[in-house]
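# Give me coordinates for this.
(chains A and B)
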Amino acid sequence: MADKAYQLLFNVCEIPEIKKNARECSEIIGFITSIAAAPIQIEVEQWMPFLWAEDSAPSFSDEQMAVDFAASTLHFYEHCLSCYQQSLPLSLPTDQWLDEGLQVTAQGRVFAAGYLSAFQSIEALWQSLNLQPGSEPEQLLQTSLMLLSKLASPDSADAQIQLLFSQLPDMPEIVDSLPALLGRLGHFSTQDIAYA
Amino acid sequence: MPKIDSAELSVYNAYFSLVFENSDFVVINKQADINFHSEDGEFGVVVAAEKALACKLYSVHRLDKMTSGLLLLAKSSQTAAQLAALFAERRIHKYYLALSDKKPKKKQGLIKGGMEKSRRSMWKLTQKKDNVAITQFFSFFCSEGIRLFIVKPHSGKTHQIRVALKSIGSPVCGDPLYAEKAAQESLYDRGYLHAYQLDFSLNKQNYSFQALPKQGQLFLSEAFLSKIHSFGRLEKLPWPKT
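The predicted structure is shown next:
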């Protein structure tokens, strides 16, 4: 199911016209993973246009291509929701996120950037949960954001950020832990639970 | 010419009235002050529609809690994907009606700007180039002290219309987030924003729906209704170029 959802989206993203105009597949996956974890459901109309490259509105030369693109992104979105509801690890293409030297690849960085980009656009919704400092959801959120930040920009020139990153797990551990971490975070955010 | 189907069918409840239904989708007229999704133990309008129509429905766009009007819901994931593609390409055209008791800085035109988060979950118009929201509008005299706005948003960003009208000095009457709260609470019986017309083409069939608001003294007034009827199809108005 998970691999199928990813593979379907990957195949659509490989269509030359979509590859040229839409965001990178890894970024789209990160973006949708984050949007699906929003505490309040964000409607397709609001997030799908952001899958296109910046400063351009989505357009397709062929109607069926538009439907295939929408269907594959919705399928991946539903997959994320399903994982969140059951608190299952997300099935993400993590095998593509580390190179032979165990450094993060472009795909890994772009996934993290996509997740963080979507998170920023819905941060107000997260804030509205008023997560209690030290609570499990708050710790999950902070940990996830820090790990994703390290994945997105491991070479940050900021000394303070570098110091923070040095205290975080190394890349293989981050890559290994993110699917379960993000699945658990999504579970908290999409459940009707008290955040006391 | 789009097919016009404004006759409302007779399925009513506290959440919505049914405007149109076929094998692919339904169009409902949502009541004001009804949540979109279920919240705090109360049904949202989507769940209410699923229960009333006894079928699974897929939402692809939304209306704020205070906003009433037309909502399009797919009956299958395939149709949801088709509608999502139409929304993504902005080929579904929506027209809103709003009332304000403040004169706008300009009577018609474009409101262009980005939106960024602000305090109290409000979003405000900014001059940033990213996240640009474009809103076209006309304004007309409606009744003493009240102006009618006909608004066409070009993206589905949260609170876009409410932010845009606030930015030209005309917040929506009764808007709990963007109007002056103390004055609004005593003056208005609802937030005066309504999704009035929805046009799109699906499977080579053109659809156009209109539905009048069913709540709010100002929306039910003779002055408002006669003004709206005089406009006819809103896409025929001389909209400013984007």
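
# Can you pull the residues of chain A lying near chain B?
A:40-41, A:43-46, A:48-49, A:51-52, A:54-55, A:57-60, A:63, A:66-67, A:69-71, A:73-74, A:121, A:123-124, A:128 (C-beta under 8 Å from any C-beta of the partner chain). Any C-beta I mention is one placed from the backbone N, CA and C, and that applies to glycine too.

# Grab the most central residue of chain B for me.
residue B:195 (2.7 Å; C-alpha atoms, centre = their mean).

# Make sure it is indeed in a strand.
Yes: if the criterion is DSSP: H, G, I helix; E, B strand; the rest coil, then residue B:195 is within a strand.

# you'd agree it is up against residue B:71?
Yes: in this structure, residue B:195 is within contact of residue B:71 by C-beta atoms under 8 Å, at 7.2 Å.

# Give the buried residues for the helix ranked longest in chain A.
Longest helix in chain A, counting residues (DSSP state H): helix A:63-86. Counting neighbours by 16 or more other C-beta atoms under 10 Å in any protein chain shown, one finds that the buried residues in helix A:63-86 are A:66-77, A:79-80, A:83-84.

# Then stretch A:106-118?
In stretch A:106-118, counting by 16+ other C-beta under 10 Å, buried: A:107, A:108, A:109, A:110, A:111, A:112, A:113, A:114, A:115, A:116, A:117, A:118.

# Stretch B:62-81 too?
B:62-75, B:79-81.

# And residue B:37, how close does it get to residue A:76?
21 Å (C-beta to C-beta, to the nearest Å).

# Residue B:211 too?
Taking C-beta to C-beta, one finds residue B:211 at 34 Å from residue A:76.

# How about residue B:22?
Distance from residue B:22 to residue A:76, by C-beta to C-beta: 28 Å.

# Just the ones in helices from the buried residues of stretch A:106-118, please.
Counting by DSSP H, the part of the buried residues of stretch A:106-118 found in helices is A:107, A:108, A:109, A:110, A:111, A:112, A:113, A:114, A:115, A:116, A:117, A:118.

# Run through the residues that contact the first one.
To tie it back to what came earlier, the one meant is residue A:107. A:24, A:26, A:93, A:96, A:97 (C-beta atoms under 8 Å, 6 or more residues apart in numbering or on different chains).

# let's see 7 Å
Applying C-beta atoms under 7 Å, 6 or more residues apart in numbering or on different chains, we find residue A:107 in contact with A:26, A:96, A:97.

# which residue packs closest to the second one, ignoring adjacent ones?
Across the structure, with C-beta to C-beta, 6 or more residues apart in numbering or on different chains as the measure, the residue nearest residue A:96 apart from its sequence neighbours is residue A:107 (4.6 Å).

# which regions of chain B lie under the pLDDT threshold?
Along chain B, segments meeting pLDDT under 70 span B:1-12, B:39-41, B:108-134, B:155-159, B:181-185, B:241-242.

# Can you tell me which residue is spatially central in chain A?
residue A:30 (2.5 Å).

# what about it, which helix or strand?
If you go by DSSP states H and E, residue A:30 is part of helix A:25-36.

# and residue A:129, how many residues sit next to it?
15 (other C-beta atoms under 10 Å in any protein chain shown).

# Next: the one 5 residues further on.
Neighbour count for residue A:134, taken as other C-beta under 10 Å: 7.

# what's the pLDDT at it?
For residue A:134, the model assigns a pLDDT of 87.

# Could you find the closest non-adjacent residue to residue B:137?
For residue B:137, the closest residue by C-beta to C-beta, 6+ apart turns out to be residue B:151, at 4.6 Å.

# returning to what we had before: how far away is the spatially closest residue to the residue nearest to the centre of chain A that is not a sequence neighbour from residue A:145?
Leaving aside its chain neighbours, residue A:30 sits nearest to residue A:114 (2.7 Å; criterion: C-beta to C-beta, 6+ apart). Applying C-beta to C-beta, the value for residue A:114 to residue A:145 is 14 Å.

# what's the answer for residue A:184, then?
14 Å.

# neighbour-wise, which of the two wins?
Each of residue A:184 and residue A:145 has its neighbours counted (other C-beta under 10 Å); residue A:184 has more, 20 against 16.

# Is it correct that that one is in contact with residue A:87?
Yes: using C-beta atoms under 7 Å, residue A:184 is in contact with residue A:87, at 5.9 Å.

# All the strands of chain B, in order from the start?
B:3-4, B:16-21, B:25-30, B:58-59, B:68-74, B:93-100, B:108-117, B:123-126, B:132-143, B:146-153, B:193-202, B:205-210 (DSSP state E).

# Can I get the contacts of residue A:107 in JSON lines including neighbour count and pLDDT?
Formatted as JSON lines, these follow (neighbours: other C-beta atoms under 10 Å in any protein chain shown; pLDDT from 0 to 100):
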{"residue": "A:26", "neighbour count": "24", "pLDDT": "96"}
{"residue": "A:96", "neighbour count": "14", "pLDDT": "94"}
{"residue": "A:97", "neighbour count": "25", "pLDDT": "96"}
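
# show me where pLDDT drops low in chain A?
A:1-2, A:54-56, A:192-196.

# quick one: the longest helix seen in chain B to helix A:63-86, angle?
Using DSSP H to define each element, chain B has its longest helix at helix B:77-88. Here the directions of helix B:77-88 and helix A:63-86 differ by 110 degrees (axes from the mean of the first three to the mean of the last three C-alpha atoms, to 10 degrees).

# Between strand B:193-202 and helix B:77-88, find me the angle.
110 degrees.

# Identify the residues contacting helix B:77-88?
So helix B:77-88 is contacted by A:44-45, A:48-49, A:58, A:66-67, A:69-71, A:74, B:24-25, B:58, B:60-61, B:72, B:74, B:92, B:156, B:200, B:202 (C-beta under 7 Å, 6+ apart).

# and residue 30, what does it touch?
You didn't pick a chain, so chain A it is. Residue A:30 touches A:110, A:111, A:112, A:113, A:114, A:115, counting by C-beta under 7 Å, 6+ apart.

# other chain: chain B
So residue B:30 contacts B:16, B:45, B:63, B:68, B:69, B:71 (C-beta under 7 Å, 6+ apart).

# repeat that with 10 Å
Listed by C-beta atoms under 10 Å, 6 or more residues apart in numbering or on different chains, the contact set of residue B:30 reads B:15-17, B:36, B:44-46, B:48-49, B:62-63, B:65, B:67-71, B:194-195, B:211, B:214.

# Check residue A:96 too.
A:26, A:105, A:106, A:107, A:108, A:111, A:175.

# mind listing the helices for chain A?
So, for chain A - with DSSP H - the helices run A:2-13, A:16-21, A:25-36, A:44-47, A:63-86, A:106-121, A:123-127, A:136-152, A:159-166, A:171-190.
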